[in-house]
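[1] just to be clear, the model below is a prediction. Sequence and coordinates:
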Amino acid sequence: MNDAFTFYPPRRGGNIFHLSAIIALTLGGVWGLYETAYAADIGPVFLSYLFPALLAIPLVPLLVYRLYTLQRSVYILERDNIRLQWGLRVEIIPTNDILWVRPDSDLISSLRLPWLRWPGAVLGMRRVAGGIPVEFLASRGRNLILIATSDRIFAVSPNDPSAFLQAYQRLTELGSLYPPQPQSVQPTFLLARIWKTRPVRYLILTSVLLSLGLLVWVSLVIPALGQISLGFTASGAPRAPILGIQLMLLPVLNTIFLFINLFLGLFFYRQDESQILAYLLWGNSVFVAALFLGAVYFILRSAA
C-alpha cells in the first residue's frame, strides 16, 4: 500500500492570469517609457506616460514571484505528517498534531477569504469564529480542505478534494510510526537571514541610496533644463539636442534594474552554491546606479 500521496493545487487559471498580467504590464511599461522619451514637457501627459512604467516596476516582480510559488506548490500526505509547500513557505505537520481534516463546506459559517487575492494566489491569514487563525495556501477560494491543529487552521486547495480526504483517512488508519518535529519555514526567515549578513546589507543599502540620490538629483535639475545633447557623433559634432525632461528616463531605468537585481538576488541566495550570483546581482545594482549618476554628471556638464 502506498504510504504517501501527492496533490497539487489547480494551476491553469493562475498560470493564465499571471502570464497575461505580466505580459500586459511589461508591454504597458515599455510603451510608457517610449512615449515618455518623446514627451514635450512635464505635466499630466508626461505623468500618464510614466505611470505604466512605475506601475510595472513593483507589480511585475511580484507577479513573477507568485507564478513561481504556484509552480512550487504541493501537498504531500504521509503516515507521519502532512507537508504543505507554497514556494518558500513550508509547513510540516506531524499526524499526531492534526485535530481534524474536513472540507470548508462543513463549517457552520462561511469561510472569509483573504482581502488581497487573485487566481492562483489565495494566500494570507484570516480568522474564523472564536478568533482561530486560518492560513490560506490555496490557488482558488472554493472547494477548500481545512487542516486543523492546536494553534491554527490551514486552508488548502487540492485538485481532487475527495481523493485528498480519502488518502488522509487511509493514512490515519495505518497510524503514525515516526512522527517528526513540527517545522514551519516562512519567506521572512530568508529576508531576516539576508539582512543579518553585513556585506549583503551594505550592497542593498548602497544601491537603494544611490538610486534615491539619482532620482532626487534629476528631479531637481529638470526644471532648469531646456534642451540637452547626449554626447557627440563619430565626426565629433554634437548630437541632436533632446528635451531636458527626457533625462527622467535614467532614474526610471535604473529603478527597473534595481528591482530586477534585487528579486533575482533573493532567488539565488536561497542555495549556498548559487549565493555568489546573488552577490554579483546586488553588486551590479550599485555599479549600474553609479554608472547612471556618472552619465547624468557628464550630460549636465556638457549642457552647462
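    Cool, got the structure.

[2] going forward, measure contacts between C-alpha atoms and count neighbours the same way
    Noted.

[3] show me what counts as buried in stretch 17-37.
    Residues 17-18, 21-22, 25-26, 28-33, 35-37 are the ones in stretch 17-37 that count as buried (16 or more other Cα atoms under 10 Å).

[4] excluding its backbone neighbours, what's nearest Ser211?
    Nearest non-adjacent residue to Ser211, counting by Cα to Cα, 6 or more residues apart in numbering: Ala289, 5.8 Å away.

[5] residue contacts, that neighbour?
    By Cα atoms under 8 Å, 6 or more residues apart in numbering, Ala289 lies in contact with 207, 210-211, 214, 254.

[6] of the buried residues of stretch 17-37, which one scores lowest on pLDDT?
    Minimum pLDDT across the buried residues of stretch 17-37 is recorded for Ala37, with 65.

[7] need the contact list for Met153.
    Residue 153: Ile, not Met. By Cα under 8 Å, 6+ apart, the neighbours of Ile153 are 132-135, 146-147.

[8] can you do 7 Å?
    133-135, 146-147 (Cα atoms under 7 Å, 6 or more residues apart in numbering).

[9] narrow those residues to those that are buried.
    Buried subset of these (neighbour count, 16+ other Cα under 10 Å): 134-135, 146-147.

[10] wait, which of the residues you listed is closest to Pro223?
    Pro223 lies nearest to Glu135 out of the buried ones among the contacts of Ile153, by Cα to Cα, at 49.9 Å.

[11] tell me the strands beside the host helix or strand of that closest one, with direction?
    For Glu135, the enclosing helix or strand under DSSP states H and E is strand 133-138. Partners of strand 133-138 in the sheet, by DSSP bridges, are strand 122-127 (antiparallel), strand 153-156 (parallel).

[12] hey, which of those strands is tucked in deepest?
    Among the strands paired with strand 133-138, strand 153-156 has the highest mean neighbour count (mean count of other Cα atoms under 10 Å), at a mean of 25.

[13] in whichever helix or strand comes after that strand, which of the residues would be classed as buried?
    The first helix or strand that comes after strand 153-156 along the chain, using DSSP H and E, is helix 161-174. Using 16+ other Cα under 10 Å as the test for burial, helix 161-174 gives 161, 164, 167-168, 171.

[14] need those residues in TSV with distance to Leu70, can you?
    Formatted as TSV, those follow (distance: Cα to Cα, whole Å):
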residue	distance to Leu70
Pro161	18
Phe164	19
Ala167	23
Tyr168	23
Leu171	26
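
[15] among those residues, show me the least confident.
    Of all these, Leu171 has the smallest pLDDT value, namely 92.

[16] phi, psi for the nearest residue to that residue once chain neighbours are set aside please.
    With Cα to Cα, 6+ apart as the criterion, Leu171 has its nearest non-adjacent residue at 5.2 Å, and that residue is Arg79. With angles defined as degrees, to the nearest 10, Arg79 sits at phi -60, psi -40.

[17] before we move on, what about the one 3 residues further on?
    As for Ile82, its main-chain torsions (degrees, to the nearest 10) stand at phi -120, psi 130.
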